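Asks: I need the structure of the sequence given here:
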Amino acid sequence: MTTAVMGGGTWGTTFAQVLCDAGTDTVLWCRGPDQAARILASRQNTDYLPGTTLPDALGVTADPRVAMDGADTVVFAVPSQSLRENLERWAPLIPPGATLVSLIKGIELRTHKRMTEVIAEVTGRPAGQIAVITGPNLAHEIAERQYAATVVACTNPDTAERLQRACHTSYFRPYTNPDVIGCELGGSVKNVIALAVGIAVGMGLGDNTRAMLITRGLAETARLGAALGADQHTFAGLAGMGDLVATCSSPLSRNRTFGEKLGRGVPMAEVMANTNQVAEGVKSSKSVLELAASRSVEMPITEVVAAVMYDGLDVGEAAQMLASRSAKPERYGV
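Replies: Numbers count the residues shown, from 1 in each chain. Okay, here's the model as predicted:
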């Protein structure tokens, strides 16, 4: 099996290491030739993973044609809002029979499409040839080969099992799941909830507030999932609760960290200017909320986060809005 990982950021680089450790021939595509040259010379991605020595077997290139030449699996690890633009350039280079895999956790603006839907639309590949890998996968810990698990979701079980074998190592355990919709939603909405948790932590609020946001965030994720046809059991697993807990609890989470800075009173423009990696929940909050509105699904935490990110809502007012919601049964709606 030969795999191209398209994206030399933190998670793309880390997953390329996982593939190599699993014995899979892997090439990492980087956005610029300078970055590729530095990685080849030092065996480190100093831009994103300084101090992590990458396997000697990992190929590195800035040429997408070279990266995907002969690949039977192509993995996408670029920001969600740039996937379509990149795919439109890459599609003619992708080998016809290659399995296409998304590592991306976001919902496209304007179209409200999940990443596998974008891949299918641009490439014309069938659903059984497209998969998503998602879960509580904080890249820096996995790069250090700490124990972690993930979910390989695909409607074709043979494809899922083949990908499972390709990335199964002594420290990285993949599980399969046919529920692509639920797995992608879990990975996308958890970034939005992590922003809310970060804001609360930055404001000095405690564990009760964090637990409330995590559990009620899971509830609104599951409501949206139900409306879109996801399997409700997915949200109790690694791609749902597992990913949500990791992203909302860890200081390694870029979305929680982004929210914390806002909660401490740092202006949005300043946080944006000093953030060198994409916090997917910032843009996805709007697309998730619009997707929910199109299905008449209530998502109060997402609504407040989107108002902070897009409408200039003060974080103090945001906290008050969540605290002052009317009392309801814990389980309501779809």
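Asks: Model confidence for the residue nearest to Ser287 when sequence neighbours are not counted, exactly?
Replies: Once flanking residues are discounted, Ser287 sits nearest to Ile107: 4.1 Å by Cβ to Cβ, 6 or more residues apart in numbering. All C-beta spots, glycine's among them, are computed from the backbone N, C-alpha and C. Per-residue confidence at Ile107 stands at 95 (pLDDT).
Asks: list the contacts for Ile107?
Replies: Residues near Ile107 by Cβ atoms under 8 Å, 6 or more residues apart in numbering: Ser80, Lys113, Arg114, Ser188, Ser284, Ser287, Val288, Leu291.
Asks: Could you do Met68 as well?
Replies: Listed by Cβ under 8 Å, 6+ apart, the contact set of Met68 reads Ala4, Met6, Trp29, Val74, Trp90, Leu93, Ile94, Pro95, Ala98.
Asks: I'd like the distance between the fifth one and Arg65.
Replies: For Trp90, the distance to Arg65 equals 9 Å [Cβ to Cβ, to the nearest Å].
Asks: quick one: common contacting residues for these two?
Replies: Here Trp90 and Arg65 have no joint contacts, going by Cβ under 8 Å, 6+ apart.
Asks: Please check the contacts of Ile107 and keep the buried ones.
Replies: If you count burial by 16 or more other Cβ atoms under 10 Å, the buried members of these come out as Ser80, Lys113, Arg114, Ser188, Ser284, Ser287, Val288, Leu291.
Asks: Out of the residues you listed, flag the one nearest to Thr159.
Replies: Arg114 (17.2 Å; Cβ to Cβ).
Asks: for that closest one, what are its contacts?
Replies: Ile107, Glu108, Val180, Ile181, Glu184, Leu185, Ser188.
Asks: Equivalent analysis for Met272, please.
Replies: Val282.
Asks: Where does it sit, in terms of helix or strand?
Replies: helix 268-273 (DSSP states H and E).
Asks: Tell me the buried residues in that helix?
Replies: In helix 268-273, counting by 16+ other Cβ under 10 Å, buried: Met268, Val271.
Asks: I'd like the next helix or strand past that helix.
Replies: Sequence-wise, the next helix or strand downstream of helix 268-273 (DSSP H and E) is helix 280-294.
Asks: Centre of the chain to the helix or strand following that next one, how far?
Replies: Counting by DSSP H and E, the next helix or strand C-terminal to helix 280-294 is helix 300-311. Averaging C-alpha positions (Cα atoms, centre = their mean, to the nearest Å) puts helix 300-311 19 Å from its chain's average.
Asks: any idea of the mean pLDDT in helix 300-311?
Replies: 94.
Asks: looking at this, Val60 is in a strand?
Replies: Yes: assessed by DSSP: H, G, I helix; E, B strand; the rest coil, Val60 belongs to a strand.
Asks: Confirm Leu195 sits in a helix?
Replies: Yes: with three-state DSSP as the criterion, Leu195 is located in a helix.
Asks: got the contact list for the residue nearest to it when sequence neighbours are not counted?
Replies: If you skip the residues right next to it in sequence, Leu195 has Gly259 as its closest partner in space, 4.1 Å away by Cβ to Cβ, 6+ apart. Residues counted as contacts of Gly259 (Cβ under 8 Å, 6+ apart) are Ala194, Leu195, Ala196, Val197, Gly198, Ile199, Ala200, Val201, Gly202.
Asks: Ok, Gly128 next?
Replies: Taking Cβ under 8 Å, 6+ apart as the test, what Gly128 contacts is Cys154, Thr155, Asn156, Thr159.
Asks: By neighbour count, which of the residues you listed wins?
Replies: Among those, Cys154 has the most neighbours (other Cβ atoms under 10 Å), with 28 neighbours.
Asks: what residues are up against Ala77?
Replies: By Cβ under 8 Å, 6+ apart, the contact set of Ala77 is Val5, Met6, Gly7, Gly9, Trp11, Gly12, Phe15, Leu103, Ile104.
Asks: Is the fifth one within a helix or a strand, and which one?
Replies: For Trp11, the enclosing helix or strand under DSSP H and E is helix 10-21.
Asks: Counting by contacts, list what that helix packs against.
Replies: Counting contacts by 3 or more Cβ pairs under 8 Å, 6 or more residues apart in numbering; DSSP states H and E, helix 10-21 packs against strand 2-6, strand 25-29, helix 139-143.
Asks: TSV please, covering these and showing distance to Val118.
Replies: Formatted as TSV, the helices and strands packed on helix 10-21 follow (distance: least, Cβ to Cβ, whole Å):
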stretch	distance to Val118
strand 2-6	14
strand 25-29	18
helix 139-143	22
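Asks: tell me the two of the contacts of Gly128 that are most distant?
Replies: Greatest spatial distance in these: Thr155 and Thr159, 8.3 Å, computed using Cβ to Cβ.
Asks: Helices of the stretch 51-200 of the chain, residue ranges please.
Replies: 64-68, 83-90, 115-123, 139-143, 157-166, 180-202 (DSSP state H, counting those that start in this stretch).
Asks: As TSV, those with mean pLDDT and distance to Leu218 would be great.
Replies: Formatted as TSV, the helices of the stretch 51-200 of the chain follow (pLDDT from 0 to 100; distance: least, Cβ to Cβ, whole Å):
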stretch	mean pLDDT	distance to Leu218
helix 64-68	97	37
helix 83-90	97	26
helix 115-123	98	21
helix 139-143	97	22
helix 157-166	98	24
helix 180-202	96	8
